[in-house]
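*Asks:* Fold the following.
(one chain, ligands or ions: 1)
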Amino acid sequence: MITISLTSNEVLLEIEELRKEYDGTTVLDGISLTVHKGEVVVILGPSGCGKSTLLRCLNGLEPVQGGDIRLRGNSLTGSTVNWQQTRQQIGMVFQNYDLFPHMTVIENILLGPTKVQQRSKAEALEQALQLLDRVGLLEKKDAYPRQLSGGQKQRIAIVRALCMNPEIMLFDEVTAALDPEMVREVLEVILGLAKQGMTMLIVTHEMGFAKAVADRIVFIDQGKICEIAEPEQFFSQPQTERAQQFLNIFQY
Ligand SMILES: Nc1ncnc2c1ncn2[C@@H]1O[C@H](COP(=O)(O)OP(=O)(O)OP(=O)(O)O)[C@@H](O)[C@H]1O
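*Replies:* Numbers count the residues shown, from 1 in each chain. Just a heads-up that it's a prediction; the model follows:
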């Protein structure tokens, strides 16, 4: 079988010796990771190891106490970072799709492109409709969030983030709040993005999905990177006892 890698040599994101504390307790303890354009990195680790915190630091939602984060060489840890601009380059989707309840699907999606990015409504609308079509929800464009299932809301949240044309997408347990039958439809959207070469950092507890989507698995334990491996290697022969214990819990 010929495997075509969509990962380029171009470095997009560099995390260097990142340290994060909450109330004097170290939660991220010297995390270093380089992500290339087009790469899909899945972050795994036991509950409380710091996965969500790491994504939140990358998106400027948490201040850090040490180290650096660089996006295309530009540091994101100083006090002068323009987060409004930077967040347009780093899209994030959370467990709880926070769509505005009083706005329709299309209004939710167009808010960022038209208000923040000041793009023309016609141009943003064209892109939004294309993206909605791609996730199979074009007919829901005028629905309100309360009229959608959890899986549909989560796909809309992904479209909303994509419509800002980010360079990288962060996904934080986006299927954790969904009923099992809706998990697949959301994961398929993310798999589709991977095939199109979107750079992504994904936190998930879905091991089958992690194996299918990842170029690299990063296993974190107690705030440190314990292991970085290709998925085949990680799932068949993890190098550390902690990773083996973690996989045993998932019976994987
Ligand atoms: N706002 C906060 N204030 C204080 N401590 C926090 C805060 N947010 C997270 N923590 C702590 O930081 C540690 C890492 O939390 P984080 O949510 O990043 O873990 P996680 O690996 O994503 O866990 P899970 O898989 O359960 O979601 C935990 O010990 C958590 O209790």
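*Asks:* alpha carbons only for contacts and neighbour counts from here, please
*Replies:* OK.
*Asks:* Show me the helices in the chain, by range?
*Replies:* 51-58, 83-89, 105-111, 121-134, 150-162, 180-195, 207-213, 231-236, 241-249 (DSSP state H).
*Asks:* Look up the pLDDT of I4 for me, please.
*Replies:* Taken from the predicted model, the pLDDT recorded for I4 is 55.
*Asks:* if we can go back for a sec, rank the helices of the chain by pLDDT, which is bottom?
*Replies:* Taking the mean pLDDT of each of the helices of the chain, the lowest value is held by helix 83-89, a mean of 88.
*Asks:* How far off centre is that helix?
*Replies:* Averaged C-alpha coordinates place helix 83-89 at 15 Å from its chain's average position (CA atoms, centre = their mean, to the nearest Å).
*Asks:* got it, and stretch 132-145?
*Replies:* Taking CA atoms, centre = their mean, one finds stretch 132-145 lying 21 Å from the centre of the chain it belongs to.
*Asks:* buried sites along stretch 98-106?
*Replies:* For stretch 98-106, a neighbour-count test (16 or more other CA atoms under 10 Å) marks 99, 104-106 as buried.
*Asks:* now swap in stretch 203-223 and tell me
*Replies:* Neighbour-count burial for stretch 203-223 flags 203-205, 207, 209-211, 213-223 (criterion: 16+ other CA under 10 Å).
*Asks:* Show me those that map onto strands.
*Replies:* Secondary structure assignment by DSSP state E places 203, 216-221 of these in strands.
*Asks:* Quick check: the two most widely separated of those residues?
*Replies:* Between any two of those, the greatest separation by CA to CA is 16.3 Å, found for R216 and D221.
*Asks:* Report the contact partners of V27.
*Replies:* Contact analysis of V27 by CA atoms under 8 Å, 6 or more residues apart in numbering lists 19-21, 49-50, 53, 222-223.
*Asks:* What's the separation between it and G48?
*Replies:* Between V27 and G48 the computed distance is 9 Å (CA to CA, to the nearest Å).
*Asks:* same thing with D68?
*Replies:* Shown here: D68 relative to G48, a distance of 22 Å by CA to CA.
*Asks:* more crowded one of those two?
*Replies:* D68 (21 against 13; other CA atoms under 10 Å).
*Asks:* shared neighbours of V27 and G48, anything?
*Replies:* Both V27 and G48 are contacted by Q222, under the criterion CA under 8 Å, 6+ apart.
*Asks:* I'd guessed T7 sits against V41; true?
*Replies:* No - under the criterion of CA atoms under 8 Å, T7 makes no contact with V41, lying 10.9 Å away.
*Asks:* what about those two, which has more around it?
*Replies:* Each of T7 and V41 has its neighbours counted (other CA under 10 Å); V41 has more, 26 against 17.
*Asks:* nearest to K37, of the helices of the chain?
*Replies:* Closest to K37 of the helices of the chain, according to CA to CA: helix 180-195, at 11.3 Å.
*Asks:* outside of the closest one, which residues touch it?
*Replies:* With contact meaning CA under 8 Å, 6+ apart, helix 180-195 is reached by 6, 38, 40, 135, 150-151, 154-155, 175, 200, 209, 213.
*Asks:* wait, what's in contact with the most centrally placed residue in the chain?
*Replies:* In the chain, the C-alpha closest to the average C-alpha coordinate belongs to L170, at a distance of 1.8 Å (CA atoms, centre = their mean). For L170, the contacting residues are 55, 90-93, 200-202, by CA under 8 Å, 6+ apart.
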